[in-house]
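Asker: only geometry, no sequence info:
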């Protein structure tokens, strides 16, 4: 009974609401990244790394707008500081996704298909960026 009460308290907490909004906004942003990255990489219009960069740039701009105005609205920091910090976290995100693309698709590494990096891009990178956004960018 106490565990259910704690779970209900957590569900009503500010962090839970932010996590849900972040998941939705992050899903939209990740979908945008995927829509840009996938055709470029799948049809070999460019290399996977250039496709990753293109996806990152489009997702970064849309992600900032969505997260600052919805996911973490009213959470704290001023806009000037938030913008710089968000850009720093987006570089961490870009670095992580670049690592996934290199590790999973590069001929010198695992040489997997173009879509392999999408797995950690969808499930690992968002967890890292949520924590950094919550604890540092929009704190």
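Answerer: Everything's here; your move. Fair warning: this is a prediction, and the values are worked out from it, not measured in the lab. Residues are numbered from 1 along each chain as shown.

Asker: Skip the chain neighbours and tell me the closest residue to the residue nearest the centre of the chain.
Answerer: Against the mean C-alpha coordinate of the chain, by CA atoms, centre = their mean, the closest residue is residue 126 at 4.1 Å. In this structure, residue 126 finds its nearest non-sequential neighbour in residue 26, 4.8 Å apart by CB to CB, 6 or more residues apart in numbering. Glycine gets a C-beta too; all of them are placed from N, C-alpha and C.

Asker: Based on its surroundings, how many neighbours for that neighbour?
Answerer: 23 (other CB atoms under 10 Å).

Asker: was I right about the residue nearest to the centre of the chain contacting residue 30?
Answerer: Yes: shown here, residue 126 and residue 30 form a contact pair, counting by CB atoms under 8 Å, at 6.7 Å.

Asker: returning to what we had before: for the residue nearest to the centre of the chain, helix, strand, or coil?
Answerer: Following DSSP: H, G, I helix; E, B strand; the rest coil, residue 126 is assigned to helix.

Asker: With that, I have no additional questions.
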